[in-house]
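Engineer: here's my sequence, what's the structure:
(one chain, ligands or ions: 2)
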Amino acid sequence: MTKIIAMAGKGGTGKTTTSALLTRYLLKNKLTPFLLVDADANANLNELLNLEVDVTLGQIRKELKSELPPNVTRDQFMEMKIHQALIEDTGFDLLVMGQPDGPGCYCAANQYLAMTMDKLSPNYKFILVDNEAGMEHLSRMNIRSVDYLLVTSDPSARGILTAKRISDITEPLGLEVKNQYLLVNRAPQPVPPALQGKIDEAIADSGMTLGGIIPSSDVLINQELSGESYLNLKDTDDIILTVNEIFDGIFS
Ligand SMILES: Nc1ncnc2c1ncn2[C@@H]1O[C@H](COP(=O)(O)OP(=O)(O)OP(=O)(O)O)[C@@H](O)[C@H]1O
Ligand SMILES: [Mg+2]
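Structural biologist: Ligands and ions are numbered 1, 2, ... in the order given. Below you'll find the predicted structure:
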């Protein structure tokens, strides 16, 4: 069975960074093949992995609304195009959602997308969805059930409270979440007792388990600035040792 991992969390708290580090972890542990979905309109996961994006699903949706080639059904066209949009790398594929094409309802196009996702998903052990702050992309892709929801937070009282609110809205959204984890990112070391108190409160009062605390890391900042792939970070880097231990706790 394909397991779905979804990122959630306020803007800028580390969803894409965590997705890139998790990509590295899944590859190193041969938890392959997996599919990465960049569901952020302002896609940038590919940049952290140094992958070129040719076609996004947003562009395909636009084409679906115009004339189709003769003798091709919408189903066939969509399937063909989705395969074109799949960026294939060793051990994983990447699919980029891209910009939605303006306001209004594109229910038909989204339905085709959801159908194609259903067809694609059995090919993978994991599907990892890097979201924007909201979670509406999951419903657009017709994902009603998530195996692992990873909620990132900055190391602030309001950040932790927002993470808790995100966790709380999954149920009213009708999203079935099997396991949910709080990841507190960019935390000062040692963790201030007041922050630890806020984390403990949020955990006690929500469906989340504490996945782990990720320190602020110069290695990550420099890797991002250099434009080099996060897949090339070293096994011996402190940040890699820390996040790998966190992922071991979650995925094994
Ligand atoms: N542990 C960390 N140490 C140092 N810098 C970090 C760390 N985690 C994330 N960053 C930096 O913080 C910034 C925001 O991180 P990231 O893009 O992963 O957040 P995001 O939640 O995906 O944001 P958005 O909501 O805009 O998609 C990036 O510049 C990233 O390099
Ligand atoms: Mg992001």
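
Engineer: from now on I want contacts and neighbour counts done on CA atoms only, so please keep to that.
Structural biologist: Fine.

Engineer: contact partners of whichever helix or strand Gln84 is part of?
Structural biologist: Element membership of Gln84 [criterion: DSSP states H and E] is helix 74-85. Counting contacts by C-alpha atoms under 8 Å, 6 or more residues apart in numbering, the residues outside helix 74-85 that touch it are 54-57, 60, 64, 68, 95-96, 112-113, 116.

Engineer: what does the stretch 101-250 of the chain have sitting close to ligand 1?
Structural biologist: 132-133, 185-186, 214-218, 220-221, 224 (C-alpha under 6 Å from any ligand atom).

Engineer: let's have those in TSV, adding neighbour count, distance to Pro172 and pLDDT.
Structural biologist: Formatted as TSV, those follow (neighbours: other C-alpha atoms under 10 Å; distance: C-alpha to C-alpha, whole Å; pLDDT from 0 to 100):
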residue	neighbour count	distance to Pro172	pLDDT
Glu132	22	19	80
Ala133	17	17	75
Asn185	22	26	98
Arg186	16	30	98
Ile214	23	29	98
Pro215	19	32	97
Ser216	15	33	97
Ser217	15	36	97
Asp218	10	39	97
Leu220	17	36	97
Ile221	10	37	97
Glu224	15	36	95
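
Engineer: any residues touching stretch 24-41, and which ones?
Structural biologist: Contact partners of stretch 24-41, identified using C-alpha under 8 Å, 6+ apart, comprise 44-45, 91-100, 123-132, 137, 230-231, 244, 247.

Engineer: ok, now which ones touch the residue most central in space within the chain?
Structural biologist: With distances taken as C-alpha atoms, centre = their mean, Asp130 lies nearest the centre of the chain, 1.9 Å away. The contact partners of Asp130, by C-alpha under 8 Å, 6+ apart, come to 6-8, 15-16, 19, 36-40, 45.

Engineer: now swap in Leu175 and tell me
Structural biologist: 143-146.

Engineer: how about CSV for these, with pLDDT and secondary structure added?
Structural biologist: Converted to CSV, the contacts of Leu175 look like this (pLDDT from 0 to 100; DSSP: H, G, I helix; E, B strand; the rest coil):
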residue, pLDDT, secondary structure
Ile143, 83, coil
Arg144, 84, coil
Ser145, 90, strand
Val146, 94, strand
